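# model this:
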Amino acid sequence: MLRKIRIALAAIFFTGVTLLLAGIGAGWWGWMADVQFLPSVMRVIGSATLLNIAILTGLVALALLLGRIYCSVICPLGIWQDIVNWISSRRKGKKRRFHYKKDNRWRTGILTLFIAAMICDVQVLIALLAPYSAWGRIVQSILHPLGMGWAVVIVAAVTLVATGLLAWFGGRTYCNTICPVGTTLGLFSSFTVFGPVIDADKCTHCHGCEKQCKASCIDSENQKIDYSRCVDCFDCIEDCKFGAIRLGNTWKAARRNRELAAQKEADEKKEEVDTSKRAFLAASGITLGAVTLKAQEQKLDGGLAALEAKRKPERTERIIPAGAQSLKHFYGRCTACQLCVANCPNHVLRPSTDLDHLMQPESSYENGYCRPECVKCSEVCPAGAILPITPEEKTAIKIGTATVDYDLCVVNRDGVSCGNCARHCPAEAITMVPKNPDDPYSLRTPAVIEDKCIGCGACEYLCPSRPYSAIHVNGLKVHIHG
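Okay, here's the model as predicted:
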């Protein structure tokens with residue numbers, strides 16, 4: 001809704017100012033020239049009347065209260081760039097094409113030069129950089145090219161093309177690098193009371209808002225927004241599918257995010273200590289195990305029997321990690337960099353040997369299973385093939401379904417009691433049912449509750465059947481989010 005309101009107001013201002021500069025409807029649109037920022041400043045400098053001061057004070061107050069909404073609603077050159085950016089975003093695959101950039105120091109130098117030009121009364125430079133003046137030249141050069149003079153027409157054409165190209169490829173680059181009005185308002189909007197705020201509890205670090213931000217001012221990794229560059233287009237609020245961005249009090253949000261960051265840092269330090277303890281215990285266990293095996297090797301004739309390795313079963317569909325969304329999404333973006341394979345602590349991910357997806361990762365459960373609390377692959381994927389998710393979100397994502405081969409089950413094959421798959425299923429998706437319902441002492445075999453199964457592979461990995469598990473997981477083409 002906020003974006004629609006902004007677009008409607010921008011359309012009114014853009015139409016009115018353009019008609020005004022074309023010499024049409026001055027009685028209707030004349031007030032729109034009065035609320036342009038630089039003309040207001042020049043009026044106050046020239047004649048500090050109560051009305052002029054009130055208008056300029058109102059524009060500054062607007063920036064302090066709501067940020068740089070002026071740049072998206074009132075400034076015609078800013079709206080022109082939004083139009084170009086919107087057309088550019090309609091190109092296939094180009095809707096989300098931006099990324100966070102640190103503040104450009106060029107704009108401070110240009111603002112200083114502009115102020116010096118005002119002090120020294122260098123009107124040529126003022127007219128060249130002022131956005132309202134630039135749009136006026138453009139409109140007049142289009143309507144009356146012969147009457148404007150070739151120098152003015154060339155300057156107008158260069159301005160139109162330059163701002164258009166910058167908007168086409170970089171969004172609001174001109175506004176946040178060159179425009180002195182944008183830089184001035186940015187000084188005030190740095191302290192804005194209301195603006196888009198990121199809810200750290202809901203944010204999943206998917207970088208969607210960052211890639212959509214034409215001002216390149218959203219640092220989704222650190223959940224921060226540079227309000228000196230934000231132009232209040234509200235695209236991020238409308239597009240965030242997790243509802244993690246809203247219009248709110250920026251001061252309160254900043255304070256809360258600082259508290260969460262401090263808590264996160266404390267938790268990480270605690271986790272480092274716990275990890276060191278676990279590593280020490282694990283190393284001790286390995287050493288003790290090695291000594292025990294060596295002792296058994298000496299005491300037993302022939303030693304321990306080697307356990308037959310498991311083999312990969314035939315799956316109806318390959319398994320891909322939670323966060324990959326679908327086979328199409330995953331393999332359409334994966335660059336086979338092997339970063340997820342290298343960082344998988346459970347040894348589930350491995351490069352595929354199929355020609356269709358050679359070297360691109362897939363999941364299999366012969367050496368481990370995909371633990372519900374592990375989201376390491378989603379944290380390290382640089383290409384967006386595996387989107388960032390939290391452990392809580394992962395437990396509600398179904399990546400496959402287990403199926404039982406009763407001919408391989410040791411209950412049927414060897415006539416022994418088992419139930420290993422049911423005991424270790426983290427989703428409680430496997431229940432043991434009697435082979436013979438009429439016999440109270442009948443052995444029990446596993447049955448899968450498909451609605452509960454998330455495809456983690458714990459049952460397949462821990463099944464004692466060799467070389468193939470009696471229960472295995474088939475992947476899904478499209479993951480189901482519960």
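
# correct me, but P351 touches V341?
Yes. Counting by C-beta atoms under 8 Å, P351 does reach V341; the two are 6.3 Å apart. Just so you know, the C-beta spots here come from the backbone N, C-alpha and C atoms, and that holds for glycine as well.

# just want to know which of those two has more residues nearby.
V341 (18 against 14; other C-beta atoms under 10 Å).

# now that one: closest residue in space, sequence neighbours ignored.
Closest residue to V341 apart from its sequence neighbours, by C-beta to C-beta, 6 or more residues apart in numbering: L349 at 4.7 Å.

# could you point out which element follows the lowest-mean-pLDDT helix or strand in the chain?
Across the helices and strands of the chain, mean confidence by mean pLDDT, DSSP states H and E is lowest for helix 250-299: a mean of 65. Using DSSP states H and E, the helix or strand that follows helix 250-299 in sequence is helix 327-333.

# how about the strands in the stretch 101-250 of the chain?
Ranges of strands in the stretch 101-250 of the chain, per DSSP state E, counting those that start in this stretch, are 194-198, 218-219, 224-225, 245-249.

# give me phi/psi at T316?
T316 adopts backbone torsions of phi -70, psi -20, taken as degrees, to the nearest 10.

# is it correct that it is in contact with N474?
Yes. Assessed by C-beta under 8 Å, T316 is found in contact with N474 at 4.5 Å.

# when these two are compared, which one has more neighbours?
Between T316 and N474, counted using other C-beta under 10 Å, N474 has the larger neighbour count: 16 against 10.

# what packs against the helix or strand hosting the more buried one?
Using DSSP H and E, N474 maps to strand 471-481. Applying 3 or more C-beta pairs under 8 Å, 6 or more residues apart in numbering; DSSP states H and E, we find strand 471-481 packed against helix 327-333, strand 397-404, helix 458-462.

# any low-confidence regions in this structure?
93, 95-96, 271-307, 382 (pLDDT under 70).

# let me see the domain layout of it.
Under the assignment automatic domain parsing, the domains of the chain span 2-188, 195-254, 327-481.

# so which of those domains is nearest E308?
Ranking the domains of the chain by proximity to E308 (C-beta to C-beta) places domain 327-481 first, at 4.4 Å.

# how far off centre is that closest one?
27 Å (C-alpha atoms, centre = their mean, to the nearest Å).

# residues contacting F37?
Neighbouring residues of F37 by C-beta atoms under 8 Å, 6 or more residues apart in numbering: L56, L59, Y70, I74, C75, Y132, V181, T184, L185.

# about what we covered before: joint contacts of P351 and V341?
P361.

# follow-up on the earlier one: output the domains of the chain in CSV, with distance to D267 appended to each entry.
Formatted as CSV, those follow (distance: least, C-beta to C-beta, whole Å):
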stretch, distance to D267
domain 2-188, 25
domain 195-254, 13
domain 327-481, 14
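
# buried set for stretch 37-53?
Of all the residues in stretch 37-53, those buried under the rule 16 or more other C-beta atoms under 10 Å are F37, L38, P39, S40, V41, M42, R43, V44, N52.

# from A54, how far out is the fourth one?
If you measure S40 against A54 using C-beta to C-beta, to the nearest Å, the figure is 10 Å.

# M118 is nearest to which of the helices and strands packed on strand 471-481?
Of all these, helix 327-333 sits nearest to M118, with 49.6 Å by C-beta to C-beta.

# helices of the stretch 101-250 of the chain, start to end?
Using DSSP state H, counting those that start in this stretch, the helices of the stretch 101-250 of the chain run over 106-119, 123-129, 131-143, 145-148, 150-170, 180-189, 208-212, 235-239, 250-299.

# out of those helices, which comes closest to E379?
That would be helix 250-299 among these, by C-beta to C-beta, at 13.2 Å.

# gap between C344 and E379?
Between C344 and E379 the distance, using C-beta to C-beta, works out to 11 Å.

# who's more crowded, the two?
Counted by other C-beta under 10 Å, C344 and E379 do not tie: C344 has more neighbours, with 20 against 14.

# name the nearest residue to the more buried one, sequence neighbours excluded.
C377 (6.0 Å).

# cool, N104 as well?
T177 is the one closest to N104 (C-beta to C-beta, 6+ apart), at 5.1 Å.

# how near is that neighbour to T57?
As judged by C-beta to C-beta, T177 and T57 stand 27 Å apart.

# what's the answer for P361, then?
Distance of P361 to T57, computed by C-beta to C-beta: 59 Å.

# the two: who's more crowded?
When neighbours are counted by other C-beta under 10 Å, P361 and T57 differ, and P361 comes out ahead with 27 against 12.

# neighbours of K202, just the number please.
K202 has 12 nearby residues by other C-beta under 10 Å.

# repeat for F114
When neighbours are counted by other C-beta under 10 Å, F114 comes out with 23.

# can I assume it is in contact with V124?
No. The pair F114 / V124 is not scored as a contact, 12.0 Å apart, by C-beta under 8 Å.

# for V478, give the beta-bridge partners.
Note on V478: beta-bridge partners by DSSP bridges are S326.
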